[in-house]
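Participant: Predicted model and sequence below, questions to follow.
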Amino acid sequence: ICPRPEMKTYGKPLSFSTASTKAPKRFAGVVKLKPEMYNQYTRLHDHTWDEVMKRMYDSNMRNFVVYYHKETSLMFHHWEYVGSDFDTDMKAISDDEVVRKWWSFCEPCQEPFQWEGPPPSKGGDGGPDGSWWAPMEEVNHCGAWPVAYSSEFPDPDFVPKNPGGKISSSTETDGLVQI
């Protein structure tokens, strides 16, 4: 059941008849954040570039969240896939020029557990066992799943984390380290 029939998603009306009743597929991963790059990472993520958000939306990614554990410098992400052609949707993301530029600023902040060769922004695949964000196994899921997603961006309840209050955009990258 759609919680708000009047809700819109990128210009497409969402109603009881168009809301999916199929459960999303959940994904999670972990990577280490270089502590000295916390400011850059939060600057990038306090306002994820609009073009990146649109690409993720068009590729059926929803509810993407990143958590940071300061004591271990580990970041955990979780997101949900609501599409029907995962490989095609993920290829569209990795082929997107602005997404690759975005990654080139995120990658200097991150330290993957197992990766060989060039980073994803340069077309690298990490080798036979490589994964920039190490996949995590879901061991429990309590509760129901959403059937409708809001198009509101940014999340009105999000509190920016960058200590200097800085954000970035695809055209405002001054002072950021890039691969």
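Facilitator: Okay, I see it.

Participant: And the residue positioned nearest the centre of the chain, what's its pLDDT?
Facilitator: When C-alpha atoms, centre = their mean is applied to the chain, the residue found nearest the centroid is residue 64 (4.8 Å). At residue 64, the pLDDT value in this model is 93.

Participant: swap in residue 147?
Facilitator: In this model, residue 147 carries a pLDDT of 55.

Participant: Counting neighbours, what do you get for residue 85?
Facilitator: By the other C-beta atoms under 10 Å criterion, the neighbourhood of residue 85 contains 11 residues. C-beta here means a position set from N, CA and C on the backbone, and glycine is covered the same way.

Participant: Quick check: the residue nearest to the centre of the chain vs residue 35, distance?
Facilitator: Noted for residue 64: a distance of 23 Å to residue 35, by C-beta to C-beta, to the nearest Å.

Participant: Which positions within whichever helix or strand the residue nearest to the centre of the chain is part of qualify as buried?
Facilitator: Residue 64 is located in strand 61-69, with elements delineated by DSSP states H and E. Residues 61, 62, 66 are the ones in strand 61-69 that count as buried (16 or more other C-beta atoms under 10 Å).

Participant: partners of that strand, with directions?
Facilitator: Strand 61-69 has the following strand partners under DSSP bridges: strand 74-81 (antiparallel).

Participant: Could I get the average pLDDT for the partner strand?
Facilitator: Per-residue pLDDT values across strand 74-81 average out to 96.

Participant: CA atoms of that strand as PDB?
Facilitator: Once non-C-alpha atoms are left out, strand 74-81 reads as follows in PDB (Å, rounded to 0.1, in the frame of the first residue of the first chain):
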ATOM      1  CA  LEU A  74      35.000   1.600   8.700                       C
ATOM      2  CA  MET A  75      32.200   2.700   6.500                       C
ATOM      3  CA  PHE A  76      29.200   0.500   5.900                       C
ATOM      4  CA  HIS A  77      26.700   1.100   3.100                       C
ATOM      5  CA  HIS A  78      23.300  -0.300   2.500                       C
ATOM      6  CA  TRP A  79      21.000   0.200  -0.500                       C
ATOM      7  CA  GLU A  80      18.000  -1.400  -2.200                       C
ATOM      8  CA  TYR A  81      17.500  -2.400  -5.800                       C
END
